[in-house]
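Undergrad: next come a sequence and a model predicted from it.
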Number of protein chains: 2
Amino acid sequence: MKKKIDIGQVLDALGDPTRRAILERLSERPHSVSGLATPLGVTLTAIGQHLQVLEESGLARTEKVGRVRTCSLDFAGLAALEKWIQERRSLWDKKLDQLGKLLDEE
Amino acid sequence: MKKKIDIGQVLDALGDPTRRAILERLSERPHSVSGLATPLGVTLTAIGQHLQVLEESGLARTEKVGRVRTCSLDFAGLAALEKWIQERRSLWDKKLDQLGKLLDEE
DNA sequence: AAAATACTGAAGTTTGTACTTGACAATCAG
DNA sequence: CTGATTGTCAAGTACAAACTTCAGTATTTT
């Protein structure tokens, strides 16, 4: 049973610039926690906290093997976001359509 | 010259639940400031502040005529978000593709 | 076994921002 | 003109969350 994704959580997670930076790096390739922390100039702890948010929102996955936690992208969160936008876009398109017809009738 | 949209601003704006609620209502139809405030249980001032954020990020438009400010959706912000996601998705697809090839070669 | 590496957990600090209050401005209705 | 409606401005409050420190655990290296 695939995990249900809360679009509110996704948008909250994406609202933070540091988390966005983490995702940008993860979109290149997987990284360790320290591999993420160093270039961002924050502590390991801070990264750990962000990773928790990213995992809960379905934007990242992590797996600890040995003493290294390897972090990578999770596509579920962004797929949900894509769906959310498309739902809204079709709604707006419909509204625009109605508006167009109104204008035509005049 | 069309206003340049900062995807960071868009995501920041969408990170707040009240602003998301405002956008949901605006996606039905335009509203006045008080028309937005009343059902959300916040003050006019609060809505005004959120509207400023939404306008600056390209998610909403407002126009004041007489004493009423009418607020509606601005599609620019969401179009930018759609584009942002698609850029990333194609990047990930490419990565997944490379991964697939690697696995094939083994 | 000792030292180094990679991370975790609990706790505290600090800053940003969501929200309010209260006074004011402008418009519209009677 | 008066009073009611609609919104704005300047300031202040409060709380969440981003971040740090420091002490501890588990793993790997020498």
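TA: Arrived safely.
Undergrad: close to chain B: what parts of chain A are there?
TA: A:8, A:11-12, A:14-17, A:20, A:27, A:29, A:73, A:75, A:78, A:81-82, A:85-86, A:88-89, A:91-92, A:95 (C-beta under 8 Å from any C-beta of the partner chain). C-beta: built from backbone N, CA, C; applies to glycine.
Undergrad: just the buried members of these?
TA: Among the residues of chain A next to chain B, the ones that count as buried by 16 or more other C-beta atoms under 10 Å in any protein chain shown are A:11-12, A:14-16, A:20, A:73, A:75, A:78, A:81-82, A:85, A:88.
Undergrad: can I get the residues you listed in a markdown table with secondary structure?
TA: Shown next, in a markdown table, are those (DSSP: H, G, I helix; E, B strand; the rest coil):
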| residue | secondary structure |
| --- | --- |
| A:11 | helix |
| A:12 | helix |
| A:14 | helix |
| A:15 | coil |
| A:16 | coil |
| A:20 | helix |
| A:73 | strand |
| A:75 | helix |
| A:78 | helix |
| A:81 | helix |
| A:82 | helix |
| A:85 | helix |
| A:88 | helix |
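Undergrad: spatially, which two of those residues are the most separated?
TA: A:73 and A:88 (23.6 Å; C-beta to C-beta).
Undergrad: can you show me the strands along chain A?
TA: With DSSP state E, the ranges of strands along chain A come out as A:31-32, A:60-65, A:68-73.
Undergrad: the first one near DNA strand D anywhere?
TA: No: with C-beta under 7 Å from any atom of the strand as the threshold, strand A:31-32 lies outside contact range of DNA strand D, at a closest distance of 12.0 Å.
Undergrad: burial measure for residue A:53, as a count.
TA: Residue A:53 has 16 neighbours, counted by other C-beta atoms under 10 Å in any protein chain shown.
Undergrad: against DNA strand D, how distant is it?
TA: 6 Å (C-beta to the nearest atom of the strand, to the nearest Å).
Undergrad: that residue contacts residue A:11, correct?
TA: No: applying C-beta atoms under 8 Å, one finds residue A:53 not in contact with residue A:11, separated by 11.8 Å.
Undergrad: residues touching the closest residue to DNA strand D within chain A, list them.
TA: Nearest residue of chain A to DNA strand D (C-beta to the nearest atom of the strand) works out as residue A:66 at 2.3 Å. For residue A:66, the contact set (C-beta atoms under 8 Å, 6 or more residues apart in numbering or on different chains) is empty.
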